[in-house]
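*Asks:* When you get a sec, could you give me coordinates for this:
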Amino acid sequence: MLEKKIEDNARTYALTRQWVVIKFTPRGEKGWPDRIFINREGIHVWIEFKQPGEEPEPIQYFRIKQLRKRKCHVHWFDNLHDVKTCLTHYDLGEHHEKPFMCCSNSARNQPCGCSDGSHLR
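*Replies:* Residues are numbered from 1 along each chain as shown. You can find the predicted model right below:
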């Protein structure tokens, strides 16, 4: 599945669950996550989408770390199932208790690390 298709399906999924979804495209700045998802409680979740099997570029890892240092919720995904799992965790209020397996790194048994970025290089 192409990155755009994963992103479009994630957007549709989130909208049906009453999330606000914003395409983030700042001018002159590279590497920022593709979209910001905001749930009914006001939690902002930044998501970078990748094609299956791909990982973020170095500048994207830098931006993810930059946001996480500011306590932002940031994730990257290479499949729709993990996006749905992640957003469900936020809807259930499970994002504060511990890092959960929700990104493509879950296949590598690495926690997503909602705030600590533990799986980042």
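*Asks:* got the contact list for the nearest residue to Val20 once chain neighbours are set aside?
*Replies:* In this structure, Val20 finds its nearest non-sequential neighbour in Ile38, 4.2 Å apart by Cβ to Cβ, 6 or more residues apart in numbering. In short, each C-beta sits where N, CA and C put it, glycine included. Going by Cβ atoms under 8 Å, 6 or more residues apart in numbering, Ile38 touches 19-22, 44-45.
*Asks:* most surrounded residue in these?
*Replies:* In terms of neighbours by other Cβ atoms under 10 Å, these top out with Val45 at 24 neighbours.
*Asks:* Three-state assignment for it, please.
*Replies:* strand (DSSP: H, G, I helix; E, B strand; the rest coil).
*Asks:* Tell me the spacing between it and Arg27.
*Replies:* Distance, Val45 to Arg27, using Cβ to Cβ, to the nearest Å: 23 Å.
*Asks:* same check, this time on Gln60
*Replies:* 17 Å.
*Asks:* Check Ala14 too.
*Replies:* Taken as Cβ to Cβ, the span from Ala14 to Arg27 is 25 Å.
*Asks:* cool, Lys5 as well?
*Replies:* 26 Å.
*Asks:* These two - which one has more neighbours?
*Replies:* Using other Cβ under 10 Å as the criterion, Lys5 and Arg27 rank with Lys5 on top: 12 against 4.
*Asks:* pretty sure that one belongs to a strand, no?
*Replies:* No - applying three-state DSSP, one finds Lys5 to be helix, outside a strand.
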